[in-house]
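Participant: Any chance you can model this:
(one chain, ligands or ions: 1)
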Amino acid sequence: TSLTTTIGGRTFDNCMMNAAGVRCQNKQDLDALVASSAGAYVTKSATPQKRAGNPSPRMHTLPKGSINSMGLPNNGLDYYLDYVIDDQRKRPDATNFLSVAGTSLEDNLAMLHQIQESEYTGFVELNLSCPNVPGKPQVGYDFDRVNTVLDKVFEFYTKPLGVKLPPYFDLVHFDQIAAILNQYPLTFVNSINSIGNALVVDPQTERVAIRPKGGFGGIGGASVKPTALANVRGLALRLKPEIKIIGTGGILNGVDVFEHILCGASMVQIGTQFGYEGTPLFDRLAKELREIMNQKGYTNINEFRGKLKTFD
Ligand SMILES: O=C(O)c1[nH]c(=O)[nH]c(=O)c1I
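Facilitator: Next up, the predicted model:
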């Protein structure tokens, strides 16, 4: 049973990888992903300069997932661009993802110009959905800003690029965001980012769980899977077929991977659970997905991608 998948003309021997932000901030993390059975890696979302991020405690684990308000801590674009270019020289046949999350249009354009001029030939994931930079609304929830950003980007950027989107909660919003995205030569769309600005309370101490923003942060893990599947399916039904979908959110087991692919995902990313389990996760998920595929008689993931049934 094959878990290979193709996006933007690049073939990945495994349809599973990490989600940006989790165990991908420094060279050691990324080397571990390279050494793992993950089909690719994505780097921690970069800003032009190194950032310390929000004050701790800024991440808290829950039985049903996690809450975080990291605040975009990262080593700066140069660090990650150097890493992916060095890796590309060593492994020219591998395709990976460089995530960028400027806190302004100018920063995003400056970073993409730098990447465009570089020898990097891999994918860029433009993060339009960081919920945790105080005072900075998520671009993904302002449709005019999404249009403006993509207009400006595709004036000059010619390498394969996708966007990381926040979860939407209204079918009209699926219609609106898909109508915008379908106008651009996007290689992929990654859905979903964490469910932003949730609140976790500790009833013992009667206090919030994390320090930044009065305790408000993005939720990941098991509890977000129904929202993640809805967004993957909602976009799969609306986006032009050349825009592939990366499914992220609520993946703990092989069955969750299967469900994301059934809803239309070509690749899946794992965040919260990868944070807990580390790279052995990818071996476990592949084994579990293969078991499901064998039971159902599928030999590759193309046979069931997007084949979710409805009652009608
Ligand atoms: O707080 C973060 O660093 C963060 N946290 C998230 O849950 N999603 C994001 O895109 C980011 I950039």
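
Participant: neighbours of residue 277, just the number please.
Facilitator: Neighbours of residue 277 under the rule other Cβ atoms under 10 Å: 15. C-beta coordinates here come from the backbone N, C-alpha and C atoms, glycine included.

Participant: Quote the end-to-end distance of stretch 126-139.
Facilitator: End-to-end span of stretch 126-139 (Cα to Cα, to the nearest Å): 11 Å.

Participant: Can you give me the buried ones in that stretch?
Facilitator: Buried residues in stretch 126-139, defined by neighbour count with 16 or more other Cβ atoms under 10 Å: 126, 127, 128, 129, 130, 131, 132, 133, 138, 139.

Participant: Next, count neighbours for the nearest residue to the second one once chain neighbours are set aside.
Facilitator: Using Cβ to Cβ, 6 or more residues apart in numbering and skipping the chain neighbours, the partner closest in space to residue 127 is residue 101 (3.7 Å). Each residue near residue 101 was counted by other Cβ under 10 Å, and the total is 26.

Participant: and residue 101, what does it touch?
Facilitator: Residue 101 makes contacts with 45, 46, 47, 72, 126, 127, 130, as judged by Cβ atoms under 8 Å, 6 or more residues apart in numbering.

Participant: returning to that earlier point: from the buried residues of stretch 126-139, which land in strands?
Facilitator: Among the buried residues of stretch 126-139, the residues falling in strands (DSSP state E) are 126, 127.

Participant: near the ligand, which of the buried residues of stretch 126-139 show up?
Facilitator: Among these, proximity to the ligand is found for 127, 129, 130, 132 (Cβ under 6 Å from any ligand atom).

Participant: The third one contacts residue 72, doesn't it?
Facilitator: Yes. Taking contact to mean Cβ atoms under 8 Å, the distance of 5.9 Å between residue 130 and residue 72 places them in contact.

Participant: thinking again about what came up before, want to throw the ones next to the ligand among the buried residues of stretch 126-139 into a markdown table with pLDDT?
Facilitator: A markdown table is the format used below for those (pLDDT from 0 to 100):
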| residue | pLDDT |
| --- | --- |
| 127 | 98 |
| 129 | 97 |
| 130 | 92 |
| 132 | 90 |
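
Participant: overlap in contacts of residue 130 and residue 72?
Facilitator: Shared contacts of residue 130 and residue 72 (Cβ under 8 Å, 6+ apart): 45, 101.

Participant: if we can go back for a sec, biggest separation within the contacts of residue 101, which pair?
Facilitator: By the measure Cβ to Cβ, the contacts of residue 101 have their two most distant members at 72 and 126, which lie 14.0 Å apart.

Participant: show me the biggest helix of this structure in terms of residues.
Facilitator: Counting residues, the longest helix found in the chain (DSSP state H) is helix 280-296.

Participant: neighbouring contacts of that helix?
Facilitator: Contacts to helix 280-296, defined as Cβ under 8 Å, 6+ apart, come from residues 1, 3, 14, 16, 36-38, 251, 253-255, 257-258, 270, 273-274, 277, 299, 301, 304.

Participant: List buried members of those by neighbour count.
Facilitator: Neighbour counting by 16+ other Cβ under 10 Å classes 3, 14, 16, 36-38, 251, 253-254, 257-258, 270, 273-274, 301 among the contacts of helix 280-296 as buried.

Participant: Closest one to residue 56 out of those residues, please.
Facilitator: Residue 56 lies nearest to residue 274 out of the buried ones among the contacts of helix 280-296, by Cβ to Cβ, at 20.5 Å.

Participant: Whichever helix or strand the closest one is part of packs against which elements?
Facilitator: Using DSSP states H and E, residue 274 maps to helix 272-277. Helices and strands touching helix 272-277, by 3 or more Cβ pairs under 8 Å, 6 or more residues apart in numbering; DSSP states H and E, are strand 65-68, helix 280-296.

Participant: for the ones you listed, which one sits closest to the ligand?
Facilitator: Checking the helices and strands packed on helix 272-277 against the ligand by Cβ to the nearest ligand atom gives strand 65-68 as the closest, at 5.1 Å.

Participant: For that closest one, output the C-alpha coordinates as PDB.
Facilitator: The C-alpha trace of strand 65-68 is given here as PDB (Å, rounded to 0.1, in the frame of the first residue of the first chain):
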ATOM      1  CA  GLY A  65      -5.500  19.000  22.700                       C
ATOM      2  CA  SER A  66      -3.400  22.100  23.300                       C
ATOM      3  CA  ILE A  67      -3.700  25.800  23.700                       C
ATOM      4  CA  ASN A  68      -0.900  28.100  22.600                       C
END
